[in-house]
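J.: Provided below are the primary sequence and the corresponding predicted coordinates.
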Amino acid sequence: TRKLDVQQLRQDFPILQTEVYGKPLVYLDNAATTQKPLAVIEAMNDYYTSSNSNIHRGVHYLSQKATSEYEIVRQKVQRFINAEHLHEVIFTKGTTESINLVANCFNRKFLKPGDSILISAMEHHSNIVPWQMACEAHGATLRVIPMNEKGELQMDAFTDMLDETVKLISLTYVSNTLGTINPVREVIEQAHAQDIPVLIDAAQAVQHIPLDVQDLDADFVAFSGHKMCGPTGIGVLYGKEKWLDQMPPYQGGGDMIKTVSFEKTTYNELPLKFEAGTPAIAEGIGLGVAIDYLEQLGLQNIYDTEHALLTYATNALRQIDGIRFIGQAAQKSASISFLINDIHPFDIGEILDKQGVAVRTGHHCTEPIMNFFGIPGTVRASLAFYNTTEEIDKLVAATKKAAMMLG
Ligand code: PMP
């Protein structure tokens, strides 16, 4: 592994030089979305400047150029997550659409009345609501793997919940609110011992932890481009061929068909079967460059850098009187949720903002976690490899100031 030169790589992100309210921006809302390196922005610009054309169907020069630029990204994703087959990489709008795709198509094929789907107590709304909708549609039950007060999955309870009614488990790799890194390998092993497939919501994992879908043996993996230094509007669903082949298509339209008549339509092969309509071409190309960027830094180097920063930040914040960390799992990613005494998180967030410090406040699309802890929300500082210890010091100073003003 290699130590990242953070000061140097910050130069790659134009927005990090921004000032807000006359103060240098301290961007600590990376779990919501990460910033984009110039190379990603330029690649999208280049596409519109010199390749713009619709893909997959044109015989002309530009269309073929655009198609190949876009399809190369599928290969990059395949390599990045180590998928066995290229056609196991489906492009979507993001994690939300990837999960909805599985919740619709897998369940239409496999879910029957009396069956159940397992999720966990720390899921993002996008890994709750699609399953609720599917369960309602098919007469199945949604069951929730509990967590403990530290925000860790209760593995004993999970083991006990595995029975013949369970048709699929959908679990987040990393909690966007608590930072918990779940033992996904163990979950998948136990599930597979009973032939139950597992979907991993990797929205908060791909940009922080090296991911190898074959090594994990995950059945489905969902993630978003915009949380990994890429653009919004593009994401990935990885699915094992054996599942994707059996699933009916998601949306109907162009590209997903082989032949269409008013009497009967035949569907295209994977992956196009699940990719109806003109995709987000520029965004896909941007995602490819984001992957290049992350790979050039090295995911293990990113993990090590962020982990050191997490330790530094946790120790520094711990010095603040009345601070309470929400989420104290032994295995944590670089996201810190906290409260100070009974001050409303929103009020802290507003004062931090005026100091140039961007954090997230609220329920972070995880209302059940807030209900579990009996709190209205948290202040969440989510770190990225381009954050510095000086920025953490500013977070701590601004939080102290907020505590003093509001306490
Ligand atoms: N799952 C998790 C764990 C997330 O953090 C997010 C984004 N906050 C999502 C799913 C949804 O991702 P998107 O909004 O990009 O579809």
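T.: Structure's in. What do you need? Numbers count the residues shown, from 1 in each chain.

J.: contacts for stretch 79-93?
T.: Stretch 79-93 is contacted from outside by 74-75, 77-78, 98, 101, 206, 211-215, 221-222, 233-241, 244, 269-271, 274-275, 279-280, 284, 291, 294-295, using C-beta atoms under 8 Å, 6 or more residues apart in numbering. From N, CA and C alone the C-beta is placed, and that goes for glycine too.

J.: give me the residue at the spatial middle of the chain.
T.: Central residue of the chain (C-alpha atoms, centre = their mean): A203, 0.9 Å from the mean position.

J.: which SSE is that one in?
T.: For A203, there is no enclosing helix or strand under DSSP states H and E.

J.: and H138, how many neighbours?
T.: Other residues near H138 come to 17 when the count uses other C-beta atoms under 10 Å.

J.: backbone torsions only: list them for it.
T.: For H138, the backbone dihedrals (degrees, to the nearest 10) come out as phi -110, psi 10.

J.: repeat that for I320.
T.: Per degrees, to the nearest 10, the backbone of I320 is at phi -80, psi 130.

J.: how many other residues sit next to it?
T.: Using other C-beta under 10 Å, I320 is surrounded by 14 other residues.

J.: that one touches A403, doesn't it?
T.: Yes - with contact defined as C-beta atoms under 8 Å, I320 reaches A403; the gap is 6.2 Å.

J.: so the residue nearest to the centre of the chain makes contact with H124?
T.: Yes - if you go by C-beta under 8 Å, A203 and H124 touch, sitting 7.1 Å apart.

J.: can you map out the strands along the stretch 151-300 of the chain?
T.: 166-172, 198-201, 220-224, 235-239, 257-260, 265-267 (DSSP state E, counting those that start in this stretch).

J.: re the thing from before, what subset of the contacts of stretch 79-93 is buried?
T.: Buried members of those, counted by 16 or more other C-beta atoms under 10 Å: 74, 77-78, 98, 101, 206, 211, 213, 221-222, 233-240, 244, 270-271, 274-275, 279-280, 284, 291, 294.

J.: give the contact list for the residue nearest to L339 when sequence neighbours are not counted.
T.: Nearest-residue entry for L339: R324, 4.9 Å, with adjacent residues in sequence omitted and distances by C-beta to C-beta, 6 or more residues apart in numbering. Applying C-beta under 8 Å, 6+ apart to R324 gives the contacts F338, L339, I340.

J.: what about the strands of the stretch 151-300 of the chain, which gets the closest to H138?
T.: strand 166-172 (9.4 Å; C-beta to C-beta).

J.: pLDDT on the closest one, on average?
T.: Averaging pLDDT along strand 166-172 gives 98.

J.: what is the orientation angle of it with strand 220-224?
T.: Angle between the axes of strand 166-172 and strand 220-224 is 30 degrees (criterion: axes from the mean of the first three to the mean of the last three C-alpha atoms, to 10 degrees).

J.: partners of strand 166-172, with directions?
T.: Next to strand 166-172 in the sheet, as set by DSSP bridges, lie strand 116-120 (parallel), strand 198-201 (parallel).

J.: go through the last one and flag the buried ones.
T.: Think strand 198-201. Buried residues in strand 198-201, defined by neighbour count with 16+ other C-beta under 10 Å: V198, L199, I200, D201.

J.: I'd like the distance from that strand to the chain centre, please.
T.: 11 Å (C-alpha atoms, centre = their mean, to the nearest Å).

J.: give me the contact list for that strand.
T.: 95, 99, 102, 123-124, 126-127, 168-173, 184, 187-188, 191-192, 216, 218-223.

J.: and the residues you listed near the ligand, which?
T.: T95, H124, S126, N127, T172 (C-beta under 6 Å from any ligand atom).

J.: separation between the residue nearest to the fourth one when sequence neighbours are not counted and the ligand?
T.: Once flanking residues are discounted, N127 sits nearest to D201: 4.9 Å by C-beta to C-beta, 6+ apart. For D201, the distance to the ligand under the criterion C-beta to the nearest ligand atom, to the nearest Å works out to 5 Å.

J.: mind listing what's buried in stretch 111-118?
T.: L111, D115, S116, I117, L118.

J.: tell me the residue furthest from the middle of the chain?
T.: Max distance from the centre of the chain (C-alpha atoms, centre = their mean): E263, 40.2 Å.

J.: any idea of the pLDDT on it?
T.: So E263 comes in at 95 (pLDDT).

J.: again with D215
T.: pLDDT recorded at D215 is 98.

J.: pretty sure G233 contacts I281?
T.: No - in this structure, G233 is not within contact of I281 by C-beta under 8 Å, at 10.3 Å.

J.: what are the phi and psi angles of T177?
T.: According to degrees, to the nearest 10, T177 has phi -100, psi -40.

J.: now do it against V20, distance only.
T.: Per C-beta to C-beta, to the nearest Å, T177 is found 24 Å from V20.

J.: between these two, which is the more surrounded one?
T.: Taking neighbours as other C-beta under 10 Å, T177 and V20 compare with T177 leading, 29 against 15.

J.: thought that one was touching E367?
T.: No - when contacts are counted by C-beta under 8 Å, T177 is not listed as touching E367 (10.1 Å).

J.: which bits of the stretch 201-350 of the chain sit near the ligand?
T.: Within reach of the ligand by C-beta under 6 Å from any ligand atom, the stretch 201-350 of the chain has these residues: D201, A203, Q204, S224.
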